[in-house]
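# from the sequence below, what's the structure:
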Amino acid sequence: MGAQLCSEAGAEAPREALRFHPEAKGAQVRLDARRCTARRRATFHDGIVFSQRPVPPGERVVLRVLRHEDRWRGGLRVGFTRLDPAHVPAPSLPPFVCPDLEEQSPTWAAVLPEGCALAGDVVCFWVNRRGRLFAEVNAGPRILLRKGVLMGAPLWAVMDVYGTTKAIELLDPAASWFPTTKPWFLSDDAVPEPEARAGEEECAICFHHAANTCLLPCGHTHFCSSCARRVFRDTAKCPMCRWQIEAVALAWGPPAVRSGEGS
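The predicted model follows:
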């Protein structure tokens, strides 16, 4: 009995569900009563919002894009900041998180790749203990957005409802928003190489087989498994961006997270 009580006392308290901070928000932002939805009323800027509490390394911030507006350029920005929103007067917030807030404070944010924040898309982002900012869109491959987030102090999530992104909603990370599929990293065994059919992307190296792999952590998906495996073995550098390749996964279904890297 005593051991049980001791174990329960040492257990980590459940984290408060993430909400938008009620006061530290851009001039054009309107929140719903639960502070789960943030909408930008007009223009394409003044849409900065923060989480109401710090987000520890590895915790996923999950949101859904509710509304997309085509008449602007650029879209949702996500990241982390050491600014405590409780001490940030709303009128002092700049119009943009990138580069304005980054230049004024210890803030690290990035825009999602083009086409990755359309209405209905579910975006998950987090920072790991090595200071790398990652994102996933619709449970797809991990995308490395940037490096160099300074660790060692509390970090609040920061989002910019910018440009084409008109409204976002915070979601419960524990809920299942997608069908589950078995993740699968490529092994050394041969994988059948289908030829690229009409309308399918062909491998950017052999120009013959279908592009069916994802390089991690950069997220590029332009290669067949044979070519991707050869590049991984020979140089371990992505041919598109030159990032170090740490794993190669099949492009269908969400890739598994290697131990220690995504947490």
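# skipping adjacent residues, who's closest to Q28 in space?
The shortest distance from Q28 to any non-neighbouring residue, by CB to CB, 6 or more residues apart in numbering, is to D46 (4.1 Å). From N, CA and C alone the C-beta is placed, and that goes for glycine too.
# ok, how many other residues are close to the one you found?
Here the number of neighbours of D46 (other CB atoms under 10 Å) works out to 20.
# same check on the one 10 residues further on?
By the other CB under 10 Å criterion, the neighbourhood of P56 contains 12 residues.
# before we move on, what about R53?
Other residues within reach of R53, judged by other CB under 10 Å, total 18.
# show the contacting residues for it.
R15, E16, L18, W156 (CB atoms under 8 Å, 6 or more residues apart in numbering).
# surely it is in a strand?
Yes - the assignment for R53 by DSSP: H, G, I helix; E, B strand; the rest coil puts it in a strand.
# how does the chain divide up, domain by domain?
For the chain, whose domains are defined here by automatic domain parsing, the residue ranges read 20-170, 181-257.
# which of these comes out lowest on mean pLDDT?
Comparing mean pLDDT over the domains of the chain, the weakest stretch is domain 181-257, at a mean of 71.
# torsion angles phi and psi at P99?
phi -100, psi 0 (degrees, to the nearest 10).
# now do L31
For L31, the backbone dihedrals are phi -100, psi 150 (criterion: degrees, to the nearest 10).
# any idea how far it is from A24?
Applying CB to CB, to the nearest Å, one obtains 11 Å for the distance of L31 from A24.
# which neighbours do the two have in common?
Taking CB under 8 Å, 6+ apart as the contact definition, L31 and A24 share the neighbouring residues V49.
# now do the helices in the protein.
For the chain, the helices identified by DSSP state H occupy 2-10, 102-104, 225-234, in order along the chain.
# ok, residues contacting the shortest one?
Right, helix 102-104. Helix 102-104 is contacted by residues P94, W108, A109 when judged by CB under 8 Å, 6+ apart.
# which of the residues you listed are buried? Put it as a ChimeraX command.
One line in ChimeraX is enough to select the buried ones among the contacts of helix 102-104; burial here means 16 or more other CB atoms under 10 Å:
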select :94,108,109
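# tell me which of the domains of the chain is the most buried.
Across those, the average number of neighbours (mean count of other CB atoms under 10 Å) peaks for domain 20-170, which reaches a mean of 18.
# and it, end to end?
Between the opening and closing residues of domain 20-170 there is a gap of 8 Å (CA to CA, to the nearest Å).
# with stretch 15-24 instead?
By CA to CA, the extent of stretch 15-24 from end to end equals 21 Å.
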